[in-house]
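Chemist: the following block contains a protein sequence and its predicted model.
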Amino acid sequence: MLLRLSLLVLCIGGVIAKPHRSVGMKNLILPSGEKDKPNMLFTKEPRPSTMTTLGSSVTLSCAGTSSLPTGEPSVSWLFTPKITPDIKLWEGLVGGTSGTLILGNLQKSEGGYYFCQITDGYGYSLISRGALVIVTYLDPDFGAYPEEKTITESKAYIKVPCQPPASNPPAKINWYKDGKLIEKVENMIQEYVSPNKYGSLIIFNPRTSDSGMYACEASNINANPEKRKTSEVLIDIKVEGSGTYAQKFVQDHDVLVNKGEDAVLHAGAIGFPVPSYRWTLGVSVEIDVNPGSRFSTADFGRDLRISGVRTEDRGTYWCQYKNVYTDSVAVVRLYVKEDISFNTVLTEQTVEHLTPLTFDCQCSGTPYTSGDPTAPPSVLWLRDGQPIVDGKRFKEEDGSLVMSGLEMSEAGMYQCFCYNTMQISQTYMPVSVKNMTIPVSIDGNDRAEGVYNENIQILCRANGYPLPVVTWYKDNEEITAVFDPRYSITQENFKDHVLSNLRVLSVKDADAGILTCRAVNQKVSTFAAELKIDFLVGHEISPSISLSDISIQVDSSIVFEAVAYGYPTPAVTWYKGADRVPLLTGGRYTVAESSLLIDGAQSSDTGLYVVKANNGVGAPAYANATISLGVNNAMIYGSASGGVALILIIAILVLLYVLIKQKEKKNYVPPKAAPTPTEKEIERRDSRPSSAKSKTSGADKKPKTVENDVTMIINDVSDGGTNSSQILVL
C-alpha cells in the first residue's frame, strides 16, 4: 500500500534510515512558524582551475548560507574525471563533509572536476561550479626512440622516429643535431599524425650535410621534472637526396588557445624547391601579414603566428603550399577558449501553484561541445542538486526550462549549469510556490511492540504545508519534558513534512497503552490529524519450534507447517537434507515465514527437512521431520486428477447398471396362465370355510413380480480421502 506518510517503529539496536535529503546533514530542529522558503547562497566557491604536479597537494574551499535563520548548511564533495551531464556518474567523496577539501599526494587519476554541494535542514541544495584540478606529469619513457640510420640510396625524405612520453599537458618536442637545437632548417620538419602520435623528424631531400648525431627532447614546463631527452644516434647520409615535389607531414588538426594568448598554426608542408606558402581564413579571406599586423609568418612561411588571439580569430585556416611540382593545401582549425558567461540573470522567483511558466538561461563560451563555432554551450537544469528535465512536465528548450506548473514540493533551489568540453559553471535562484496549503495527514502502523528493559524509537511522519507541529500523548496525557525522564521527543523539519521521534528508554510494563501522534498545521489550526498506536510490551522468551512428519501424493500441492514460539517472534529458516541445504522461494517452493509450500509435489521432495527458529534470545531452536509417499496427511489443494477419477467411477457404475437391466429383461419368463376351473373344482372351492381376510377372485390376482434394488456406494475421492461417501440407488 502506498503511503504518503509512514510511521516507522525501530529498536535502538539497529540503524534508523533517514530520508535521503538528510543523509550526512546535521540534525536541525526548527521552531514552530519558522521561515521555510528556499533561501540559500554560496559565499565561497572553489576556484575554477588549479594546476599542480604529480604527488603534491591541493586544498579546495567552499561555504554557503542556509534557508534556516540559524545554523550552517552541511557540505559534501563530488568528483568526475570528465564533464558529463549525468550526475549519477559523479562520485561522492568519502570524508568530504566539511567546507575544506584537502587532496594529498595527488595521482594521475585524481585530476578532474570537483564540486561542492551544500544542503540545509529543509533538503534544499546547491552544487557549485566545477573546479578543475590538473595534475601535471612527464613520464620517463618515450613512446618511440630515435634509431641509427645509414642512407646509401637517394631518397625523397627520411624519418627519424620519436614519440614523446605520456604527459599532461602534452609535451613539446625539440630536436638536436650535434648538440644544437634544430630550428629554421628549410628541409626539416616535425611530423604530426594525431594528438597522441607526433614528434618524428622528417628530413626532406636528405643530403650528406645533414649527417650528424641526433637526439629528441620532450619538455613540459608545468611538470617535475620539466624535460626528458633521448640518447644521441648517428644519422649517416652518404648520398644526395632526390626530393623535388612538396609533401604535407602535418595532418589537418585543431588548435585551442586561450583568448588573449598567442597562437602558432603549423601547415607542416615541405618540399624542394622550397614551396611558397599563402594563408587564408576560409577559402578566400587573405591574411594580412604586413608589419604592424597581429599576424605574421615564420619558418619559411609554413607557420602562421597570431598575437593576442581574439574571439573573431576563430575559424578554419587554409595554407596553400606550391612549387613547380605541387599545388595543395593544409588545414588548421583554430578554437578560442573563452570562460563561460551567463547572458541572463536568475533571480528569486515566487510562482503560483500549478501555473505554467518558463525559466530562461542563456550562456556563451568556447570550446563548443558540438564542434559548431556558432553553437552555445550545453545547458543542464537541476533542482536541489538533482536533474529535473523529464521530457513531460519539465522540458529544456534552447536553454530555457519550460514547466507545466509547480507543486508545493517542487519549490527549491533551481540551478542552470552551462558546460562544454573544458568548463562547467552555474547560476541559481530560489523558487517558492505561493498560495499553497496542504492539509495535515498521518498514516501508518497502529501497533508498536517494545521489549522489556530495552530502548525503542517510534517515528511519526506527518505531511502538510505550512509545516505541521507534532504532539505525542499517552493514554490522553500529553508527553512533555516533565512527563517521564525516560521519554524524549525530537523533530526534524523538511520542505513538505516533519519527522517526529518518540524515544522510550528501558521499556517497562507500565509503558503499555495507547500512544497518540497528533499533527496540527502551524498556521491553519483547523488542519489536524492524529494516529493512535497500540503500544505493547513483551518479555523476552527464547525460541522453540516443532515439526511433524507428513506423507504426500505425487502431483499434489502441500503446505508443510512448523509451529514456532518465542518473543520477539522468531525468524524461521528452512533446510533440506542432513547437509541442511537452505530452502528459498523459487520454482515449486514458496517459503512463507513458518510455512513451506510445495507446488506439484514429486517423489524427489521426500526426505528429511529441518527448521530453525531464532529471535536473538538464547540459542536458536531446531526441529526436523520427514516427507514420505503415501496417504497425504498434509493439507492438499485438490488436483484435477481427483475430479476426473470421480467422473470415471460414476460412468462405470451407470454402464454396469444398464448391463444388469438388459440381462434381467432377456432372462425374464412370464408365468403361464391358470387353467379354467371345472364345475366340481368350483363347488369344492365354494364349500371351503370363509377366511377372516377378504378373498379375491382369480381374475383379480396379479402375477407376482420380482423387484430388484441395486444399491451402490460411491466414495467421494475428490479430496484424496474416503471420509465422505455418496449413496446411489438404482
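Modeler: Received, thanks.

Chemist: do a quick rundown of the helices in this protein.
Modeler: With DSSP state H as the definition, the chain shows helices at residue ranges 640-667, 679-686.

Chemist: low-confidence ranges in this structure?
Modeler: The chain contains residues with pLDDT under 70 at 1-36, 70, 95-96, 243, 368-374, 435-436, 522-527, 631-647, 658, 661-730.

Chemist: residues in contact with the most centrally placed residue in it?
Modeler: Nearest to the mean C-alpha position of the chain, by CA atoms, centre = their mean, lies residue 88 at 7.7 Å. Going by CB atoms under 8 Å, 6 or more residues apart in numbering, residue 88 touches no other residue. All C-beta spots, glycine's among them, are computed from the backbone N, C-alpha and C.

Chemist: with residue 163 instead?
Modeler: 142, 143, 144, 197, 198, 199, 200.

Chemist: not counting sequence-adjacent ones, nearest residue to it?
Modeler: Leaving aside its chain neighbours, residue 163 sits nearest to residue 143 (3.0 Å; criterion: CB to CB, 6 or more residues apart in numbering).

Chemist: contacting residues for the one you found?
Modeler: When contacts are counted by CB under 8 Å, 6+ apart, residue 143 touches 163, 164, 165, 166.

Chemist: most surrounded residue in the residues you listed?
Modeler: When neighbours are taken as other CB atoms under 10 Å, the top entry among the contacts of residue 143 is residue 164 (24 neighbours).

Chemist: from what I see, that one and residue 174 are in contact.
Modeler: No. Between residue 164 and residue 174 there is no contact under CB atoms under 8 Å: 10.4 Å.

Chemist: and stretch 652-661, which residues are buried?
Modeler: Under the neighbour-count criterion of 16 or more other CB atoms under 10 Å, stretch 652-661 has residue 653 buried.

Chemist: now that stretch, how far from the centre of its chain.
Modeler: For stretch 652-661, the separation from the chain centroid amounts to 71 Å (computed by CA atoms, centre = their mean, to the nearest Å).

Chemist: burial count for residue 437?
Modeler: With other CB under 10 Å as criterion, residue 437 counts 13.

Chemist: report the separation between it and residue 518.
Modeler: Note on residue 437: its distance to residue 518, by CB to CB, to the nearest Å, is 19 Å.

Chemist: what's the answer for residue 595, then?
Modeler: 39 Å.

Chemist: more neighbours: these two, which one.
Modeler: Per other CB under 10 Å, whichever of residue 595 and residue 518 has more neighbours is residue 518, with 21 against 14.

Chemist: wait, that one touches residue 473, no?
Modeler: Yes. Using CB under 8 Å, residue 518 is in contact with residue 473, at 6.7 Å.

Chemist: for residue 340, give me its contacts.
Modeler: Contacts of residue 340 by CB under 8 Å, 6+ apart are 363, 364, 365, 377, 418, 419, 420, 423, 424, 425.

Chemist: residue 461: which of the residues you listed is nearest?
Modeler: Ranked by distance to residue 461 (CB to CB), these are led by residue 424 at 36.4 Å.

Chemist: so who does that closest one touch?
Modeler: Residue 424 neighbours (CB under 8 Å, 6+ apart): 83, 113, 129, 130, 340, 417, 418.

Chemist: apart from its chain neighbours, what residue comes closest to the second one?
Modeler: The shortest distance from residue 113 to any residue that is not its chain neighbour, by CB to CB, 6+ apart, is 3.9 Å, and that residue is residue 130.

Chemist: now swap in residue 79 and tell me
Modeler: In space, residue 79 is closest to residue 91, 4.8 Å off (CB to CB, 6+ apart).

Chemist: that neighbour contacts residue 82, correct?
Modeler: No. Counting by CB under 8 Å, residue 91 sits too far from residue 82 to count as a contact (12.0 Å).

Chemist: which one of these two has more residues nearby?
Modeler: Shown here are residue 91 and residue 82; by other CB under 10 Å, residue 91 has more neighbours (11 against 8).

Chemist: the more buried one and residue 349: what is the separation?
Modeler: Note on residue 91: its distance to residue 349, by CB to CB, is 32 Å.

Chemist: longest strand of this protein?
Modeler: With DSSP state E setting the assignment, residue counts place strand 327-342 as the longest strand in the chain.

Chemist: quick check: buried residues in that strand?
Modeler: For strand 327-342, by 16+ other CB under 10 Å, it's 329, 330, 332, 333, 334, 335, 336, 337, 338, 340, 342.

Chemist: sorry, back to before: would you turn the contacts of residue 340 into a markdown table with distance to residue 567?
Modeler: Converted to a markdown table, the contacts of residue 340 look like this (distance: CB to CB, whole Å):
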| residue | distance to residue 567 |
| --- | --- |
| 363 | 64 |
| 364 | 69 |
| 365 | 67 |
| 377 | 64 |
| 418 | 61 |
| 419 | 58 |
| 420 | 64 |
| 423 | 62 |
| 424 | 57 |
| 425 | 60 |
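
Chemist: out of those, which are buried?
Modeler: Among the contacts of residue 340, those classed as buried by 16+ other CB under 10 Å are 363, 365, 377, 418, 419, 420, 423, 424, 425.

Chemist: report the contact partners of the residue nearest to residue 113.
Modeler: If you count contacts by CB under 8 Å, 6+ apart, residue 130 has them with 48, 83, 113, 114, 115, 419, 423, 424, 425.
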